[in-house]
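Enquirer: Sharing a model that was predicted from the sequence below.
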Amino acid sequence: MFEKLKELLVEELQIDEADITLDAKLSTDLGINSIELADLVMLCEEKFGIEIEDADIHDFVTVGDVVKYLETL
């Protein structure tokens with residue numbers, strides 16, 4: 001799941017692959033703003049055929065948080 005998420009971050013949000021680790025913070029380390037986070041959520045929903053609850057998005061601090069969430073669905 002990490003590799004799939006990394007691929008989305010690189011291809012869709014133009015984030016440097018070298019910067020993407022499980023511990024990387026979405027906003028401070030990767031520079032993802034709230035609009036880009038919403039885009040990422042929509043991309044994940046489309047790519048993985050899931051629905052992410054708005055309330056859950058607030059728990060997405062690191063790349064690892066997103067991976068863990070996606071793996072539970």
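Expert: Happy to help now that I have it. Numbers count the residues shown, from 1 in each chain.
Enquirer: mind listing the helices for this structure?
Expert: Assigned helices in the chain, in chain order: 2-13, 34-48, 54-57, 63-72 (criterion: DSSP state H).
Enquirer: will you turn the ones you listed into a markdown table that also has mean pLDDT and mean neighbour count?
Expert: Backbone N, C-alpha and C define where each C-beta goes, glycine included. Formatted as a markdown table, these follow (pLDDT from 0 to 100; neighbours: other Cβ atoms under 10 Å):
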| stretch | mean pLDDT | mean neighbour count |
| --- | --- | --- |
| helix 2-13 | 96 | 16 |
| helix 34-48 | 96 | 15 |
| helix 54-57 | 95 | 11 |
| helix 63-72 | 97 | 16 |
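Enquirer: Could you check how far stretch 65-73 is from the centre of its chain?
Expert: The chain centre lies 10 Å from the centre of stretch 65-73; the measure is Cα atoms, centre = their mean, to the nearest Å.
Enquirer: what's it in contact with?
Expert: If you take Cβ atoms under 8 Å, 6 or more residues apart in numbering as the criterion, stretch 65-73 is touched by 1-2, 5, 22, 26, 40, 44, 48, 50, 52, 56, 59-60.
Enquirer: quick one: which two of the residues you listed are the most distant?
Expert: L22 and I50 (19.8 Å; Cβ to Cβ).
Enquirer: ok, back up a step: rebuild the contacts of stretch 65-73 as a markdown table, extending it with distance to T72.
Expert: Below are the contacts of stretch 65-73 laid out as a markdown table (distance: Cβ to Cβ, whole Å):
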| residue | distance to T72 |
| --- | --- |
| M1 | 10 |
| F2 | 14 |
| L5 | 14 |
| L22 | 15 |
| L26 | 18 |
| L40 | 17 |
| C44 | 13 |
| F48 | 12 |
| I50 | 10 |
| I52 | 11 |
| D56 | 10 |
| D59 | 12 |
| F60 | 13 |
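Enquirer: Report the contact partners of L9.
Expert: Contacts of L9 (Cβ under 8 Å, 6+ apart): 15, 20, 30, 40, 63.
Enquirer: Correction: the previous question concerned V63.
Expert: Residues in contact with V63 (Cβ under 8 Å, 6+ apart) are 2, 5-6, 9, 20-24, 26, 30.
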